[in-house]
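Participant: Pasted the sequence and its predicted model underneath.
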Amino acid sequence: MATRSPRRHPATTGRGRGVTWRQFCALAAKLPGVEPGTCHGTPALYVRKKFLCRLKEDGDSVAIKLDFADREVLLEADPRAFYLTDHYRPWPAVLVRLGQVRPAVAVELLEQAWRRTAPKSLVLARASLRATRHR
């Protein structure tokens, strides 16, 4: 009888789609100043007390800060992973279906939202640290 190789979760392979809220939080925790909290009674992430993202009440989607132009690109490029409700239309944010987003895209979104939210001093400190490491 042939044995099958264990199936890897998409978030660990970098291919495929889907991350859990726990994995999403672990990715965010790699960014300086990210702290857990709550927002409207659901788990959320903040950067120095400024809103970054929150788990929606459905437990399957995340609302994350994003500028309007990037939001439009994502909505058009991958409607399986990204969507909007009327409530979020006037806000610089997008809704992300955790089970549909590619892990690499989740990382990029978190970094972009972090840069948008974090104080400039924190962003500059991270940039100089990264530049030092790459020398």
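Facilitator: Arrived safely.

Participant: Who's the closest spatial neighbour of the residue positioned nearest the centre of the chain, skipping the chain neighbours?
Facilitator: For the chain, the residue lying nearest the average C-alpha position, counting by Cα atoms, centre = their mean, turns out to be residue 110 (3.7 Å). Spatial nearest neighbour of residue 110, excluding adjacent residues (Cβ to Cβ, 6 or more residues apart in numbering): residue 28 at 5.1 Å. To be clear about C-beta, it is placed using only N, CA and C from the backbone, and glycine gets the same treatment.

Participant: That neighbour and residue 123: what is the separation?
Facilitator: Applying Cβ to Cβ, to the nearest Å, one obtains 15 Å for the distance of residue 28 from residue 123.

Participant: Show residues contacting stretch 44-52.
Facilitator: Judged by Cβ atoms under 8 Å, 6 or more residues apart in numbering, the contacts made with stretch 44-52 from elsewhere in the structure are 25, 28, 31, 33-39, 53-55, 64-65, 110, 113-114, 117-119, 122.

Participant: Show the buried residues in the residues you listed.
Facilitator: In terms of neighbour count (16 or more other Cβ atoms under 10 Å), the buried residues within those are 25, 28, 31, 33-34, 53-55, 64-65, 110, 113-114, 117-118, 122.

Participant: all strands for the protein, in order.
Facilitator: 34-39, 42-47, 50-55, 61-65, 82-83, 93-97 (DSSP state E).

Participant: Quick one: those strands as JSON lines, columns for distance to residue 75 and mean pLDDT too.
Facilitator: Formatted as JSON lines, the entries for those read as follows, by distance: least, Cβ to Cβ, whole Å; pLDDT from 0 to 100:
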{"stretch": "strand 34-39", "distance to residue 75": "22", "mean pLDDT": "96"}
{"stretch": "strand 42-47", "distance to residue 75": "22", "mean pLDDT": "98"}
{"stretch": "strand 50-55", "distance to residue 75": "17", "mean pLDDT": "97"}
{"stretch": "strand 61-65", "distance to residue 75": "13", "mean pLDDT": "98"}
{"stretch": "strand 82-83", "distance to residue 75": "5", "mean pLDDT": "98"}
{"stretch": "strand 93-97", "distance to residue 75": "7", "mean pLDDT": "98"}
